[in-house]
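Participant: Could you look at this predicted model? Sequence included:
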Amino acid sequence: MSSYIGKEYIEDTEKIEVLIKYSIRVPDKFGDFNMDLNSRLKVREGNGVLYINIHRSISKKLFSVLVEDFASSAKGDIRAAERLVHLSGYIIGYIRPTLPIVVDEIYKRKYLGGHILTHSVSMVDVFDVSVLDSQGNGVVLAWWPSTISSFPPSSVLAAVSDAVYIRDYIEVMASYFNYNIDDGIRRSITSLENYFIHYGVKPSIKKGRYLYIKRLFRMKERKFKRLVNYLVSDKYYSIKESHLRILRNNILYIYHVRNKIVHDKTRISASDSYIAKKAIGTLSYIYQNTITSQNHLEYIKSLTQQFIGIEEIYFGINLDEIEHHRSNTKKESNSDIDDFMFSGLEITKAQKKF
């Protein structure tokens, strides 16, 4: 039988109802945040803090191991403490899907209530995490939020690989983690536009057709599409045309969304953060071409690995997602790993909501 992360907890038939609690500090006093966002997610406000309660069922085995390791670590058992940190990732995985719902409510109050100091929050702002059963027994994740040391490869490369388009790329990642999705979409397009400028990317134009083409591509949107089609081609990449097509379609859709944000009053919900994540992945692949200098290429790859590492730490292990993925994934013995990766990166028709 195949093995996978969280298998023993996903396949555990015994469940237990628990209360998962966490808190978020906010700079403003809203006065109207005592509410039930749904039947299992409740928020209460008090003294500059939002207290969030999640009511749900989890694996009884997972809860029992958490309680056991929590008690052992309190007595100085180092191995139990290490296991507790790992197991806590499952609890963080339950918290993560609820945070965008809370963030959307925070933004609603920011703009409709004129709360100037209110800002978005991320998993880094979550504290006082605990999980309790109906009798009040459970664990407190005292180590959360966790701190992350500098990423050595990025630290070394940054000094010799600094560029405006890479700075924008970093800011897209920061916007994603902070659930500031509008800003992330805007910066992703700015990053690519600055890449075009940095490397002087410009399709060659035949003199006889110059005036016609100049008129045809006068609009900025057409110019951007022309640059994308020119750059993301087999001239500069050694990957399949089907994969290049995904990159082109992704970035052109993201450009479309960016224009709706800037010119059409569209605002992206924190619950739709997937589009910012796919923008990051798309840019990462686009920048890995024969035009990009070697030191920039290494820096971009390092930043992408750093992004993946941070996401694993701060987003936890979502057992619901793993179970859903396993039940909906068709097993193909001859599946190509690159096809699998690009299939996951593609912004599908169902995801194009804007």
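Facilitator: Looks like it came in fine. Numbering: from 1, shown residues only.

Participant: Which stretches in the stretch 101-250 of the chain count as helices?
Facilitator: Secondary structure of the stretch 101-250 of the chain by DSSP state H, counting those that start in this stretch: the helices cover 152-161, 164-177, 181-198, 210-216, 220-231, 241-263.

Participant: packing partners for the last one?
Facilitator: This points to helix 241-263. When contacts are defined as 3 or more C-beta pairs under 8 Å, 6 or more residues apart in numbering; DSSP states H and E, helix 241-263 sits against helix 181-198, helix 220-231, helix 274-286, helix 337-345. Where you see a C-beta, it was placed from the backbone N, CA and C, and this is true even at glycine.

Participant: Which positions in that helix come out as buried?
Facilitator: Of the residues in helix 241-263, 243-244, 246-255, 257-259, 261 count as buried by neighbour count, 16 or more other C-beta atoms under 10 Å.

Participant: so which of the residues you listed comes closest to residue 278?
Facilitator: Distance to residue 278, by C-beta to C-beta, is smallest for residue 250 among these, at 6.3 Å.

Participant: Let me know the angle separating the host helix or strand of residue 100 from helix 181-198.
Facilitator: Using DSSP states H and E, residue 100 sits within helix 99-113. For helix 99-113 against helix 181-198, the angle by axes from the mean of the first three to the mean of the last three C-alpha atoms, to 10 degrees is 100 degrees.

Participant: what does the average pLDDT come to for helix 99-113?
Facilitator: Mean pLDDT, helix 99-113: 90.

Participant: list the buried ones in it?
Facilitator: In helix 99-113, counting by 16+ other C-beta under 10 Å, buried: 99, 100, 101, 102, 103, 104, 105, 106, 107, 109, 110.

Participant: Also stretch 268-277?
Facilitator: Result for stretch 268-277 [16+ other C-beta under 10 Å]: buried residues 268, 270, 272, 273, 275, 276, 277.

Participant: would you turn these into TSV with distance to residue 168?
Facilitator: Shown next, in TSV, are those (distance: C-beta to C-beta, whole Å):
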residue	distance to residue 168
268	18
270	21
272	21
273	18
275	17
276	13
277	16
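
Participant: about what we covered before: return the most buried member of the helices of the stretch 101-250 of the chain.
Facilitator: helix 181-198 (a mean of 22; mean count of other C-beta atoms under 10 Å).

Participant: sorry, back to before: contacting residues around the helix holding residue 100?
Facilitator: 24, 26, 28, 30, 32-33, 35, 37-38, 41, 43, 50, 52, 115, 118-123, 126, 179, 269-271, 273 (C-beta atoms under 8 Å, 6 or more residues apart in numbering).

Participant: is it possible to export the helices and strands packed on helix 241-263 to JSON lines including mean pLDDT and distance to residue 154?
Facilitator: Formatted as JSON lines, those follow (pLDDT from 0 to 100; distance: least, C-beta to C-beta, whole Å):
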{"stretch": "helix 181-198", "mean pLDDT": "97", "distance to residue 154": "16"}
{"stretch": "helix 220-231", "mean pLDDT": "90", "distance to residue 154": "25"}
{"stretch": "helix 274-286", "mean pLDDT": "97", "distance to residue 154": "14"}
{"stretch": "helix 337-345", "mean pLDDT": "86", "distance to residue 154": "22"}
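
Participant: right, so of the ones you listed, which gets closest to residue 141?
Facilitator: Here helix 274-286 is closest among the helices and strands packed on helix 241-263 (C-beta to C-beta), at 24.9 Å.

Participant: for residue 200, what are its contacts?
Facilitator: Residue 200 neighbours (C-beta under 8 Å, 6+ apart): none.

Participant: any idea how far it lies from residue 14?
Facilitator: Distance, residue 200 to residue 14, using C-beta to C-beta, to the nearest Å: 63 Å.

Participant: And for residue 140?
Facilitator: 24 Å.

Participant: Of those two, give the one with the bigger neighbour count.
Facilitator: More neighbours surround residue 140 than the other of residue 140 and residue 14, with 14 against 10 (other C-beta atoms under 10 Å).

Participant: what about the closest residue to that one other than its chain neighbours, neighbour count?
Facilitator: Of all residues not flanking residue 140 in the chain, residue 130 sits nearest, at 4.6 Å (C-beta to C-beta, 6 or more residues apart in numbering). Residue 130 is flanked by 17 other residues according to other C-beta under 10 Å.

Participant: Noted, bye for now.
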